[in-house]
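[1] the sequence isn't on hand, but the structure is:
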């Protein structure tokens with residue numbers, strides 16, 4: 001999903017469309033140990049470990065930890081019983097993204113609209129209320145393990161107040177003094193918000209889910225890439241990018257395409273119980289060089305881009321920018337190369353991006369760090385170099 005601008009729709013606005021999206025409320029991960037996962041992402045990516053909900057706060061069936069950075073909110077959730085959904089899913093799929101939740105004006109009305117449009121319920125509306133306010137959440141099923149929750153908030157739990165440090169919802173408590181939080185505040189990584197979120201689905205199912213987002217959520221197709229755009233000698237994929245009606249959210253949907261060997265999409269499915277899900281989150285920064293350098297110092301492993309890439313990229317990128325009357329890439333070319341960053345351009349400007357290696361033992365989730373200087377695309381000119389780098393890693397894992 002892509003946030004078209006860093007300023008979400010104001011919750012004070014009124015809307016006649018119940019599916020009008022205000023913001024990405026949060027991204028929820030199902031993990032084997034929420035406390036440990038929270039500290040991994042905080043150490044590696046500079047998140048603040050802000051709040052938690054567990055046995056000590058009255059949550060009897062699950063533990064959750066809220067991480068924040070810029071306008072990004074990650075919730076790590078683990079089941080405390082063997083029958084909890086998170087416990088079952090971690091056994092099947094490993095750690096991964098479960099829920100991409102949207103702030104809406106009225107969660108119950110949004111849920112009812114999605115159901116009328118042909119959606120499948122994952123959870124009927126539930127409201128948690130205390131003296132401070134309320135949080136209503138209702139959830140519909142999308143591809144595979146993934147769901148979308150609609151979230152509406154009142155009182156002290158309004159999203160604008162959560163962004164200022166208020167409690168995330170009832171039974172969440174603030175984390176006390178923490179040296180890691182102090183370090184991350186003094187040494188920021190500069191991640192601002194979720195730029196886009198990519199889903200992998202089975203062969204032949206991409207168009208089904210494109211229609212689902214059109215019909216159920218009211219999204220429109222933003223871009224389309226086929227196997228001629230995204231392929232190497234060995235593997236290929238096809239992708240269609242769906243965008244919400246107000247262009248706040250964009251979601252590429254990938255499916256495998258025929259190739260001599262397995263694509264990254266098929267590798268994902270093989271290690272994800274042949275079940276669709278979220279392949280990667282792209283996190284936006286305003287300063288790619290600073291963010292990548294800071295993350296590398298923290299030990300984040302990124303894909304290795306071959307030196308030969310930089311022998312050709314500047315001529316290609318600069319020619320496109322000049323053709324459309326844009327200024328050349330302002331970032332220092334030598335530092336871009338030394339940090340291993342990918343660069344691409346189109347008729348709107350340019351972007352810088354880089355992809356981590358898988359964030360866990362199963363090759364089923366990674367992050368992209370992206371900076372946009374006008375371009376709203378996804379680095380089409382980098383697809384071949386990216387795929388070649390991915391194939392090197394697949395080969396090391398014995399999965400190519």
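    That came through, no problem. Predicted model, so just to flag it, every value in this text is computed and none were measured.
[2] phi, psi for the residue nearest to the spatial centre of the chain please.
    Using CA atoms, centre = their mean, the residue of the chain that lies closest to the mean C-alpha position is residue 281, 2.6 Å off. For residue 281, the backbone dihedrals (degrees, to the nearest 10) come out as phi -110, psi 130.
[3] how far away is it from residue 392?
    22 Å (CB to CB, to the nearest Å). C-betas here are computed from N, CA, C, even on glycine.
[4] show me the shaky parts of this structure.
    1-15, 226-237, 259-261, 381, 383-391, 400 (pLDDT under 70).
[5] ranges for the helices of it?
    Along the chain, counting by DSSP state H, helices occupy 34-45, 85-93, 107-116, 159-162, 179-186, 206-217, 264-270, 288-297, 313-323, 333-339, 383-397.
[6] so which of these is nearest residue 225?
    Nearest to residue 225 among these is helix 383-397; the distance by CB to CB comes to 7.6 Å.
[7] isn't residue 73 up against residue 51?
    No: Residue 73 is beyond contact range of residue 51, at 9.9 Å (criterion: CB atoms under 8 Å).
[8] name the residues that touch stretch 26-40?
    Residues from elsewhere that reach stretch 26-40 (CB atoms under 8 Å, 6 or more residues apart in numbering): 47, 49, 52, 63-67, 72-79, 85-86, 89-90, 93, 95-101, 149, 151, 168, 180, 194, 197, 281.
[9] coming back round to it: so which of the helices of the chain is the most packed in?
    Of all the helices of the chain, helix 264-270 has the most neighbours on average by mean count of other CB atoms under 10 Å, namely a mean of 23.
[10] show me what that helix is packed up against.
    With contacts defined as 3 or more CB pairs under 8 Å, 6 or more residues apart in numbering; DSSP states H and E, helix 264-270 has these neighbours: strand 191-200, strand 250-257, strand 277-285, helix 383-397.
[11] output the contacting helices and strands for the first one.
    The one in question is strand 191-200. Other helices and strands packing on strand 191-200, by 3+ CB pairs under 8 Å, 6+ apart, are strand 21-30, strand 72-79, strand 250-257, helix 264-270, strand 277-285, strand 366-373.
[12] that strand: partners in the sheet, and parallel or antiparallel?
    Sheet pairing of strand 191-200 (DSSP bridges) gives strand 250-257 (parallel), strand 277-285 (antiparallel).
[13] closest one to residue 299 among the helices and strands packed on strand 191-200?
    Short answer: strand 366-373, nearest of those by CB to CB, at 13.7 Å.
[14] quick one, that closest one and helix 34-45 angle?
    With axes from the mean of the first three to the mean of the last three CA atoms, to 10 degrees as the basis, strand 366-373 and helix 34-45 are set at 40 degrees to each other.
[15] show me which of the contacts of stretch 26-40 are buried.
    47, 49, 52, 63-67, 72-79, 85-86, 89-90, 93, 95-101, 149, 151, 168, 194, 197, 281 (16 or more other CB atoms under 10 Å).
[16] check the protein for me, the residue farthest from its geometric middle.
    residue 131 (33.0 Å).
[17] so how far is residue 50 from that residue?
    21 Å.
[18] what do you get for residue 277?
    From residue 277 across to residue 50, the span is 26 Å (CB to CB).
[19] swap in residue 18?
    Look at residue 18 and residue 50: by CB to CB, they are 30 Å apart.
[20] who has more neighbours, these two?
    residue 50 (22 against 19; other CB atoms under 10 Å).
[21] OK, contacts around that one?
    Applying CB under 8 Å, 6+ apart, the residues near residue 50 are 66-68, 165, 168, 174-175, 181.
[22] what does residue 206 give?
    Here residue 206 is in contact with 238-240, 253-255 (CB under 8 Å, 6+ apart).
[23] what about it, distance to residue 255?
    Taking CB to CB, one finds residue 206 at 4 Å from residue 255.
[24] and what of residue 143?
    10 Å.
[25] shared neighbours, these two?
    201, 205.
[26] compare those two (neighbour count), which wins?
    Neighbours per residue (other CB under 10 Å) separate residue 143 from residue 255, with residue 255 holding more: 24 against 21.
[27] what's across from that one in the sheet?
    Beta-bridge partners for residue 255, by DSSP bridges, are residue 238.
[28] distance check, it against residue 203.
    Distance from residue 255 to residue 203, by CB to CB: 6 Å.
[29] before we move on, the earlier item: who's in contact with the residue farthest from the centre of the chain?
    By CB under 8 Å, 6+ apart, the contact set of residue 131 is empty.
[30] before we move on, the earlier item: dump the contacts of residue 206 to JSON lines, plus distance to residue 358.
    Converted to JSON lines, those look like this (distance: CB to CB, whole Å):
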{"residue": "238", "distance to residue 358": "22"}
{"residue": "239", "distance to residue 358": "19"}
{"residue": "240", "distance to residue 358": "24"}
{"residue": "253", "distance to residue 358": "20"}
{"residue": "254", "distance to residue 358": "16"}
{"residue": "255", "distance to residue 358": "20"}
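[31] which of those has the most neighbours?
    Neighbour max across these (other CB under 10 Å) = residue 253, 26 neighbours.
[32] surely it touches residue 202?
    No: at 11.1 Å, residue 253 does not count as touching residue 202 under the criterion of CB under 8 Å.
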